[in-house]
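Q: build the 3D model from these lines:
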Amino acid sequence: MLVSVVMTVLAADRPGLVRTLAETVAANGGSWQESRMARLAGQFAGILRVECPADQVEPLLAALAGLEGQGLAIQARREESAPAADRETLSLDIVGNDRPGIIRALSAAIAGAGANVEDLSTSLESAPMSGHPIFHAKGLVSLPAEGDAAGLLAAIEQLGPDLSVSIDR
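A: Below you'll find the model as predicted:
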């Protein structure tokens, strides 16, 4: 039986970090399934999911913990989730003026509408003419099968008249 292991990785960025992770996973019978990785303020930050045989989970977790001596901070967990309930996945694209607390307000609107963040990427971009910072968020949220996509859209739009919000099924 295959088991999923989900982990976060943080380390000072340098060449070979991903190779070190991939070699450790492979050496312990794991298969790299999916990941998100980025360089943020000189740091490597990643989240990933690997699958490995159930009898290899503990050796894999021990090997990952051993990478701390190489400067990698890794939090790894065996996936213990229950089967997901029926949910509808929606794609979000939000653009507007940047301001302190925009993520807090956005996440509160999403949760208040009964939605769950599945994937979210945010960035600051320069406005074409003025160069002032523009907030941009793209991602996926899921609503319960009986959820209200229009209510989610309204909740996000209430965050400010400067926001352009697009929600697609």
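
Q: residue contacts, the closest residue to Ser123 other than its chain neighbours?
A: Counting by C-beta to C-beta, 6 or more residues apart in numbering, Ser123 lies nearest to His136, which is 5.2 Å off, once chain neighbours are set aside. All C-beta spots, glycine's among them, are computed from the backbone N, C-alpha and C. By C-beta atoms under 8 Å, 6 or more residues apart in numbering, the residues touching His136 are Ile94, Val95, Thr122, Ser123, Leu124, Glu125.

Q: what distance do you get for the closest residue to Pro133 other than its chain neighbours to Met7?
A: Excluding its sequence neighbours, the residue lying closest to Pro133 (C-beta to C-beta, 6+ apart) is Asp98, at 4.2 Å. Applying C-beta to C-beta, to the nearest Å, the value for Asp98 to Met7 is 31 Å.

Q: and those two? which has more neighbours close in?
A: Shown here are Asp98 and Met7; by other C-beta atoms under 10 Å, Met7 has more neighbours (19 against 16).

Q: so which helix or strand takes in the residue nearest to the spatial centre of the chain?
A: Among the residues of the chain, the one closest to the centroid is Asp119, at 4.9 Å (C-alpha atoms, centre = their mean). Using DSSP states H and E, Asp119 falls within strand 116-126.
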